[in-house]
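>>> I'll drop the sequence and a predicted model, then ask my questions.
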Amino acid sequence: MQLLSYILVYPFIWLLSILPFRVLHFISDGFYYLLYYIIGYRKKVVFDNLKLVFPKKSDEEIMRIAKKSYRHFVDVFVEIIKLFTISKKQLAKRYKIGNIDVLKDLEKRNKSSLLMGGHYANWEWIFLLNTQVSFNGYAVYKKINNKYFDKKIIETRGRFNTNLVNTKNIFSVMNKNTEENRLSLYGFLGDQSPQVSKAHYWSHFLGVDNLPIHTGAEHLAKKYDLPVVFFKTKRVKRGYYEVNFELITDKPQTFKDYDITDIYLRKVEEQVKEYPEFYFWTHKRFKHQGKNLLKEN
């Protein structure tokens, strides 16, 4: 069944990926109207999230942000599809890498590092970075159920010198790289909600209290003494982005538990509050709010 699904769907994805951006964005416009006005994909989730995070905004403001976020949501979806066939040269024209010196300095010091970002703007195109640095690039991801699509995604990201590592395998990969002194850069996105059973830390995010927080990236940074760098992606205009980097710390073991995680979350918040329409509000980020209090009682 998995093979059949792949055979039926992948040719359609490939055909979409070879279309020029102006055509893809035209298709994206159509899907926006379909998702927002007809299907209403996760509409309740989006509006509930926005009202929770921005309680002082009017209904009109919330609706405006929601509509823009849906447009951006579909744009990113077709831009991810474009990754299957886009050339490095074409991608570099649309995804500008800013102050790469932050990473180059860590390279010169032979410091393997940890890169953190959020589900903001277009985080997927960060894979281009691995064509411009000497680090061996690794991106932590959740394995796709369909093994054929999973393999294709791994191959596609490999075009940009990126190794996708399943969350279950990241410890073994990092152990091996450390033992072999392999200069590596590990990419993490930590702004989504972890499972309650796996949550070790509860805090606030986007003004909402008592939320479970991912802390795995901080734990690994301390375990392997990895500098932590935040990547901030900015949408310049439709189909064009710019990314810049900020060193959070090159001495993670000097921080108290969860302080690095808190700094990271505040940086994501700054992006979201400035232009909330470019965040992915379809995620059920706040679904476990307050469940730590229930457990305590």
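Looks like it came in fine. Numbers count the residues shown, from 1 in each chain.

>>> Would you work out how far apart the start and end of stretch 105-124 are?
Taking Cα to Cα, to the nearest Å as the measure, stretch 105-124 stretches 24 Å from start to finish.

>>> Actually, stretch 110-118.
26 Å.

>>> and it, which residues are buried?
K111, S112, S113, L114, L115, M116, G117, G118 (16 or more other Cβ atoms under 10 Å). Just so you know, the C-beta spots here come from the backbone N, C-alpha and C atoms, and that holds for glycine as well.

>>> So which of the residues you listed are in strands?
In strands, defined here by DSSP state E, the members of the buried residues of stretch 110-118 are S113, L114, L115, M116, G117.

>>> Closest one to L24 out of those residues, please.
Closest approach to L24 among these (Cβ to Cβ): G117, at 23.5 Å.

>>> Enumerate the beta-bridge partners assigned to that closest one.
L189 (DSSP bridges).

>>> isn't it right next to Y186, touching?
No - the criterion here is Cβ atoms under 8 Å, and G117 misses it with Y186 at 12.0 Å.

>>> the bottom helix or strand of this structure by mean pLDDT?
With mean pLDDT, DSSP states H and E as the measure, the helix or strand of the chain carrying the lowest mean pLDDT is helix 291-296 (a mean of 73).

>>> rewinding a little: mind putting the buried residues of stretch 110-118 into TSV with pLDDT and distance to L83?
Converted to TSV, the buried residues of stretch 110-118 look like this (pLDDT from 0 to 100; distance: Cβ to Cβ, whole Å):
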residue	pLDDT	distance to L83
K111	98	29
S112	98	25
S113	98	23
L114	98	23
L115	98	18
M116	98	21
G117	97	16
G118	96	19
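
>>> Does anything pack onto the host helix or strand of H25? Which helices or strands?
Secondary structure assignment for H25, by DSSP states H and E: helix 21-33. Secondary-structure packing of helix 21-33 (3 or more Cβ pairs under 8 Å, 6 or more residues apart in numbering; DSSP states H and E): helix 59-82.

>>> what separates the helix it packs on from the chain centre, distance-wise?
Relative to the centre of its chain, helix 59-82 is centred 16 Å away, using Cα atoms, centre = their mean, to the nearest Å.

>>> now Y10, what's its secondary structure?
helix (DSSP: H, G, I helix; E, B strand; the rest coil).
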